[in-house]
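Colleague: Need coordinates for the below:
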Amino acid sequence: MNLNEPINAQRVGQAVGKYRWTICALLFFATTVNYLDRQVLSLLAPDLSSQFGWSNSDYANIASVFQFVYAISMLFAGRFVDRIGTKKAYILAISIWSTGAMMHAFSVPMGEGIAAMCSAFGLAVIPVSIAGFMLSRAVLAIGEAGNFPIAIKATAEYFPKKERSFATGIFNSGANVGAILAPICVPLIAGLWGWEAAFIVIGMLGFVWVTLWIALYEKPDQQKRLSAEELAYIRSDAQTIAAPEPGAVEKKVSWFKLLTYRQTWAFAFGKFMTDGVWWFFLFWLPTYLSAQYGMKGQAIVWPLAVLYSMTMVGSIGGGWFPSYFMARGDAPYDGRMKAMLVIAFFPLLVLLAQPLGYISFWVPVLLIGVGASAHQAWSCNIFTTVSDMFPQKTVASVVGIGGLAGGLGGVVMTKIGGWVFDYYKSINDIHTGYMIMFAICALAYLVAWSVMKVLVPRHKEITDL
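Modeller: Coordinates of the predicted model:
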């Protein structure tokens with residue numbers, strides 16, 4: 001079939017094949033594995049802290065290594081993916097992060113090796129177990145940083161514009177499914193075969209996925225399983241894009257140039273203030289349930305499963321919400337900001353988690369669930385503010401800058417949590433420690449929205465890049 005021929009609208013509306021959804025399913029499972037791998041440590045943290053004598057600050061240091069390396073890697077991931085292609089990039093990324101996940105099982109021997117190497121150079125070294133886990137988290141972060149840039153690129157390759165947001169919503173929900181499955185699988189595996197087995201078994205899932213990816217993925221125009229009709233449907237909106245002039249080369253825009261725009265700083269500040277809240281919930285909730293309610297292992301399965309199930313509602317509802325304001329005549333950015341303001345009030349309910357926690361552990365779980373759900377609603381909107389204001393050729397770079405800012409925000413939040421919890425634990429008042437951290441989480445979105453609004457008061461597209 002000649003793709004330059006006009007697409008018959010009636011034929012496109014008919015069933016043209018569904019292989020693109022097989023690719024979407026692969027992206028969904030990759031994202032599920034991504035979140036499974038990153039959560040194993042947080043679920044085992046109470047037991048590992050007891051076994052190795054970690055303080056809250058020690059655990060915060062281990063967790064913050066992941067966040068810091070992830071942040072730096074995010075800045076470069078998009079350009080790296082564009083350079084080597086979607087198929088090779090995913091094979092490399094998931095192989096790296098699966099290796100990093102399995103390395104956790106051997107962290108203590110690795111830590112001994114790091115200690116010996118440092119001693120040979122006369123350098124001080126952190127405790128053996130902490131050093132090994134830090135190295136494992138760094139490798140995990142380098143690989144995991146590639147997941148979302150690659151998945152978004154694959155979605156753009158296999159779906160027409162009108163289906164991309166739906167396909168993205170499907171594969172992105174793998175993050176929530178991974179967060180739900182982790183507390184079910186990890187304590188069970190650790191209980192049967194030990195904590196090392198939990199890292200190894202979950203880590204091996206990535207290599208299983210790689211075999212499916214190699215077998216099932218090719219670029220659409222090279223995919224033998226894709227019918228000519230479905231390929232034409234995927235490219236059905238190609239005619240709406242103006243063809244570049246012969247010999248024209250797209251001008252690259254530097255990061256330094258992008259940093260001269262208020263819109264970049266608005267997005268980066270919003271990510272810095274709020275990404276850390278999600279990281280805090282992800283990494284500290286198992287420790288919170290253990291410290292406050294003595295819950296470990298299988299006891300935390302249902303509370304975390306319910307909490308992360310709630311976040312799926314926020315993700316889907318938050319993506320729809322701005323359309324209400326746009327239908328009333330608001331520009332995309334203005335409608336999105338109105339929606340984000342409403343969303344920013346919901347995390348305030350987290351302030352009640354500690355005062356009402358005496359009723360039942362379900363009260364803070366559900367209130368924190370509302371806050372986490374609001375974060376997912378906020379997140380899908382703040383990402384889209386970039387495409388509202390920047391030309392397409394700069395979107396990935398701006399998102400990378402925001403990803404770096406968000407990762408650094410996660411490092412700050414994790415470090416603050418470790419210090420606060422250690423201090424209040426030393427005076428036997430861990431209740432107040434969590435009250436302080438929940439207050440920071442609750443107020444972060446209103447602070448972020450206010451600064452974003454000051455920097456970019458109304459919709460203003462950038463046209464000079």
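
Colleague: so what's the nearest residue to residue 217 once chain neighbours are set aside up against?
Modeller: Of all residues not flanking residue 217 in the chain, residue 87 sits nearest, at 5.5 Å (Cβ to Cβ, 6 or more residues apart in numbering). All C-beta atoms are positioned from the backbone trio N, CA, C, and that covers glycine. Counting by Cβ atoms under 8 Å, 6 or more residues apart in numbering, residue 87 makes contact with 213-214, 217-219.

Colleague: Now do residue 87 against residue 218, distance only.
Modeller: Applying Cβ to Cβ, to the nearest Å, the value for residue 87 to residue 218 is 7 Å.

Colleague: ditto for residue 433
Modeller: Separation of residue 433 from residue 218 (Cβ to Cβ): 52 Å.

Colleague: related to what we said a few turns ago, which ones among the contacts of residue 87 map onto helices?
Modeller: Judged by DSSP state H, helices contain the following of these: 213-214.

Colleague: which among the contacts of residue 87 end up buried?
Modeller: Listed as buried from these are 213, 217; burial here means 16 or more other Cβ atoms under 10 Å.

Colleague: So the residue nearest to residue 217 versus residue 333, what's the distance?
Modeller: From residue 87 to residue 333 the distance is 35 Å (Cβ to Cβ).

Colleague: Next: residue 53.
Modeller: Using Cβ to Cβ, we find residue 53 at a distance of 50 Å from residue 333.

Colleague: Of these two, give the one with the bigger neighbour count.
Modeller: Each of residue 53 and residue 333 has its neighbours counted (other Cβ atoms under 10 Å); residue 333 has more, 22 against 11.

Colleague: now the helix or strand hosting that one: how far from the chain's centre is it?
Modeller: If you go by DSSP states H and E, residue 333 is part of helix 332-345. With Cα atoms, centre = their mean, to the nearest Å as the basis, helix 332-345 stands 21 Å off its chain's centre.

Colleague: Same check on stretch 422-435?
Modeller: Stretch 422-435 sits 29 Å away from the centroid of its parent chain (Cα atoms, centre = their mean).

Colleague: before we move on, what about stretch 153-164?
Modeller: 20 Å.

Colleague: May I see the buried residues of it?
Modeller: Neighbour-count burial for stretch 153-164 flags 153-155, 157-160, 163 (criterion: 16+ other Cβ under 10 Å).

Colleague: Next, format the residues you listed as TSV and append pLDDT.
Modeller: Listed next are the buried residues of stretch 153-164 as TSV, based on pLDDT from 0 to 100:
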residue	pLDDT
153	80
154	84
155	81
157	83
158	87
159	83
160	81
163	74
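
Colleague: and which of those is nearest to residue 106?
Modeller: Taking Cβ to Cβ as the measure, residue 106 lies nearest residue 154 of the buried residues of stretch 153-164, at 32.1 Å.

Colleague: The closest one against residue 86, yeah?
Modeller: Yes: at 5.1 Å, residue 154 counts as touching residue 86 under the criterion of Cβ atoms under 8 Å.

Colleague: Just name the shakiest helix or strand of the chain by mean pLDDT.
Modeller: Ranked by mean pLDDT, DSSP states H and E, the weakest helix or strand in the chain is helix 9-13, scoring a mean of 41.

Colleague: so after it, what's the next helix or strand?
Modeller: helix 19-52.

Colleague: Following the chain onward from that following helix, which element is next?
Modeller: The first helix or strand that comes after helix 19-52 along the chain, using DSSP H and E, is helix 56-84.
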